[in-house]
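Enquirer: Test case, fold it:
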Amino acid sequence: MSLLSCIEIEPRKPADSAVIWLHGLGASGHDFEPVVPELRLPVASAVRFIFPHAPAIPVTINGGMVMPAWYDITDISLDRKVDAGQLLESAAALQRLIDREIERGIDSTRIVIAGFSQGGAVAYEGALSYPLPLAGLMTLSTYFATASSIELHAANRNIPIHVYHGSQDPMVPEQLGHEACRILQAMGYFPGYTTYPIGHSVCMEEIEDIARFLRHCLQLD
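Expert: All right, here's what the predicted structure looks like:
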């Protein structure tokens, strides 16, 4: 199957690690592209950043409008009814990007998965079911949509996970971030959790925290 179209930001020297970062509903791979220089990672680091573009599909909660989306959402309530089949397809597409990085010479233990909002739901599914150990998982302003159906893989039982959420988020209430952490803990993971006084967005403090997480997971310090 074909790979997702992506924006790729290469380091100054040959990459030895990678971050695959999924955007939210209605956005594109360009959404988090400006964050890369703001992370201020060590000059000597060799991290490739990959920002995939979601396909354009009709989205029920937006009146059937066609827009970039990792899956359809049919109900905006806290229960959040989603098209599970489409979410799984997107997770499989994410895993194909991980496979490609490994084929390009990046060890799986040096690949971090990140996702914002819808992209975070896909990141949970794609990373925690991946059959090789990954470096880390970052989820931003999101929810664990497939918590009751995911087939966890033992390879990522010890993956470092950090959840980031805005306390004033009107789109994905912080309650869903807390619930994701509770579920992860019940599954045997040890997620970190950080909240910020923001809505459905990111802030500089969050970017600085993400940079610390990346430096830790990829041993960049």
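Enquirer: Could you pull out the strands in this protein for me?
Expert: Ranges of strands in the chain, per DSSP state E, are 6-9, 17-22, 47-52, 56-59, 65-68, 111-116, 136-140, 161-166, 192-196.
Enquirer: Kindly reformat those strands as TSV containing mean neighbour count.
Expert: (C-beta placed from N, C-alpha, C; glycine too.) TSV is the format used below for the strands of the chain (neighbours: other Cβ atoms under 10 Å):
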stretch	mean neighbour count
strand 6-9	14
strand 17-22	28
strand 47-52	23
strand 56-59	16
strand 65-68	14
strand 111-116	28
strand 136-140	26
strand 161-166	24
strand 192-196	16
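Enquirer: and residue 31, how many neighbours?
Expert: 21 (other Cβ atoms under 10 Å).
Enquirer: still on that earlier bit, looking at the strands of the chain, which is nearest to residue 80?
Expert: strand 56-59 (13.1 Å; Cβ to Cβ).
Enquirer: just to revisit the earlier point, with distance to residue 41 and mean pLDDT added, can I get the strands of the chain in TSV?
Expert: Listed next are the strands of the chain as TSV, based on distance: least, Cβ to Cβ, whole Å; pLDDT from 0 to 100:
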stretch	distance to residue 41	mean pLDDT
strand 6-9	11	98
strand 17-22	10	98
strand 47-52	6	98
strand 56-59	32	96
strand 65-68	27	96
strand 111-116	12	98
strand 136-140	14	98
strand 161-166	16	98
strand 192-196	19	98
